[in-house]
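Asks: Quick one: sequence and predicted model below, then my questions.
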Amino acid sequence: MKVRAVQFAPVLGNIARNLESHLERIETAIGDGIELIVFPELSLSGYQLKDIAAETALNPDSPELAALCCPGRQIDIVIGAPLELTPGLISNCAIHISGGAITHIHRKVQLPNYGMFEEQMIFKPGDSFISIPVKGFRVGLLICREILFPIHAYLYYLQGTDLLIGISNSPFRGLEKDRFSSFAYWETMGTVFAFFYHQNYLFVNRTGFEDGIGFGGGSFYAAAGRGIVERAPLIEDAILDAEIDGEEVRRSRLASCYRRDEHPRLILKELERIINAGHE
Amino acid sequence: MLDMNSLLIEQALLRFIRDSIHKNGFKNGILGVSGGLDSAVVLALTQKALGPDHTFALLMPYKLSSPHSREDGASLCRSLGIETETVDITPMVDAYFSRFPTDDRVAVGNMCARQRMTVLFDFSVRKQALVVGTSNKSELLIGYSTLYGDSAAAFLPIGDLYKTQVFELARHLGIPESIIAKKPSADLWEGQTDEGEFGLTYAEIDLILYQLIDLRRKPEEIAATGITAERIEQVERLIRQSQFKRTLPPVAKLQPRTVGIDFRYPRDWNR
């Protein structure tokens, strides 16, 4: 499967403008033979929504989403948007569109709420990690901070996913000699997913500044058992194409047997014991 | 302790300057150039981000300003191919003080800073350019600025870099040695130096600030690194005293949604 990550900067709170740029990029991708195109977290709205969230949140029947659901299109699409799935309750969502319809909505479970982040002021958290079929592959969607809790990727891994997709709005920060320290988190997790969860992994991060906060780009593709093989530039807009090879998952599982040796029931039993003992 | 990668910082700041100008519908940036380090660095960054044809510099000396600095500023603008205008603020400032004379050098300095601000904002309209600020993180945190004077700008590219880091970035950007070697000075009166006024060097201030602010260390932990408790207290006092300069004036809340309190929109709303 040919996939494309779109690393760009949406216009904050302007759904119409962002929809236009999504449609343009989708048309280009179709022309390039791409089968799955992935946009970053909150790609239709921008990140620092504050009071804008209540004014711009969409619902699954919104005309903006209908415009992305073009029945004849062969390409699958993953976008990010604020969705008001119940009146008055907005969630930060990753939306999968396939065959002209919304086929899955993942609501962000881990809403950062510290320092510069205030997502719990805006969003209702989700409560599940359900894998989905995409062009014959099994795929799991993660949104930004969810990536940094490896147990979420583990939940997909147990569902037999071939490809994890992490969409992000990660601000760069932390001056070090050779990089911003924030870049390291994402690559570290990508490496873990590829080597220890036998996953192909596509990380898609936005660019641009909002009120002084800069989003670092640096999208990448990590192949199961091989680690990061493709990188988009830091800070600048870019597209990153990758070819997902289902055989890589199989090969890496056979090579190191971590999946065979997983004991989810044992984990479940131990989690229950730990929680019942009051350690939640 | 203050590690940085100048190339990456340059790349981030060029994008920040470009985004800040373009998303607001402008093509041009304008700034006051004193001949000192901060404005030299911001000028070089703005020139790289927008191009020399979209960068304007104003030289705004007062009669007590150092002629040496003025020449450094003018020479930098020439070498960067930037159009400049010199506006001597002496007649404007002295017109006021001839009526309300003062011996207070700080009052004169503040008046000069605010006079430069009015000229800069007037030229920002003439040149259809946004005002690019030159405040660095050290001065923002200790409040070493004139409210509504040098602190007035559309955005602050080096506002999260300590002064010692601005020196490093200046070397990376190839700022002339005559500017880098000069003692940092607000140039409010002849012979003034920032460090002379504080009684602390920027190296000391920055190490205290970095540990207090970015590393969230307690004063006693910082004292263990060999800095005296008195100096740490002095810096903490400056930070607390100047908090008003880093916030908008509070609005008395009376209604359900109040500007500055719970009318919560980003500055880049629809940008």
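Replies: The structure has been received and is ready for your questions.
Asks: residues touching residue 189, list them.
Replies: Using chain A here. Residues in contact with A:Met189 (C-beta atoms under 8 Å, 6 or more residues apart in numbering or on different chains) are A:Ile147, A:Leu148, A:Pro150, A:Ala153, A:Gly166. For glycine as for every other residue, the C-beta is placed from the backbone atoms N, C-alpha and C.
Asks: that's the wrong chain, I wanted chain B
Replies: B:Leu64, B:Arg105, B:Val108, B:Gly109.
Asks: Repeat the analysis, applying 10 Å as the threshold.
Replies: Taking C-beta atoms under 10 Å, 6 or more residues apart in numbering or on different chains, we find B:Trp189 in contact with B:Tyr62, B:Leu64, B:Ser65, B:Arg105, B:Val106, B:Val108, B:Gly109, B:Cys112.
Asks: wait, isn't the fourth one in contact with B:Gly191?
Replies: No. In terms of C-beta atoms under 10 Å, B:Arg105 does not count as a neighbour of B:Gly191; the distance is 11.1 Å.
Asks: Of the contacts of B:Trp189, grab the buried ones for ChimeraX.
Replies: To isolate the buried ones among the contacts of B:Trp189 in ChimeraX, judged by 16 or more other C-beta atoms under 10 Å in any protein chain shown, type:
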select /B:62,64,65,108,109,112
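Asks: Where does pLDDT dip in the stretch 151-280 of chain A?
Replies: Nowhere does the stretch 151-280 of chain A drop to pLDDT under 70.
Asks: which bits of chain B sit near chain A?
Replies: Residues of chain B found near chain A (C-beta under 10 Å from any C-beta of the partner chain) are B:2-9, B:11-20, B:23, B:155-157, B:159-162, B:165, B:210, B:214, B:257, B:262-271.
Asks: ok so, going back, let me have the contacts of B:Trp189 in CSV, adding pLDDT and distance to B:Asp150 as columns.
Replies: Below are the contacts of B:Trp189 laid out as CSV (pLDDT from 0 to 100; distance: C-beta to C-beta, whole Å):
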residue, pLDDT, distance to B:Asp150
B:Tyr62, 96, 13
B:Leu64, 92, 16
B:Ser65, 92, 14
B:Arg105, 93, 16
B:Val106, 93, 13
B:Val108, 95, 14
B:Gly109, 94, 10
B:Cys112, 96, 9
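Asks: Check the contacts of B:Trp189 and tell me the two furthest apart.
Replies: For the contacts of B:Trp189, with distances taken as C-beta to C-beta, the pair at the greatest spread is B:Ser65 and B:Val106 (15.8 Å).
Asks: To what extent is the residue in the stretch 151-271 of chain B that chain A sits nearest to buried, counted in neighbours?
Replies: Closest contact between the stretch 151-271 of chain B and chain A, by C-beta to the nearest C-beta, is at B:Arg264 (4.0 Å). A total of 16 residues lie near B:Arg264 under the criterion other C-beta atoms under 10 Å in any protein chain shown.
Asks: For it, give me its contacts.
Replies: A:Gln48, A:Leu49, A:Lys50, A:Asp51, A:Ile52, A:Ala53, A:Glu118, A:Met121, A:Ile122, B:Arg257.
Asks: so for the strand or helix carrying B:Glu139, what's the average pLDDT?
Replies: Using DSSP states H and E, B:Glu139 sits within helix B:137-142. Mean pLDDT, computed over helix B:137-142, is 98.
Asks: so what secondary structure elements neighbour that helix?
Replies: helix B:163-173, helix B:194-198, helix B:202-209, helix B:229-241 (3 or more C-beta pairs under 10 Å, 6 or more residues apart in numbering or on different chains; DSSP states H and E).
Asks: same thing but 8 Å
Replies: helix B:163-173, helix B:202-209, helix B:229-241 (3 or more C-beta pairs under 8 Å, 6 or more residues apart in numbering or on different chains; DSSP states H and E).
Asks: follow-up on the earlier one: of the contacts of B:Arg264, which is the most crowded?
Replies: Busiest of the contacts of B:Arg264 [other C-beta under 10 Å] is A:Leu49, holding 28 neighbours.
Asks: Grab the nearest non-local neighbour of it.
Replies: A:Ile122 (6.0 Å; C-beta to C-beta, 6 or more residues apart in numbering or on different chains).
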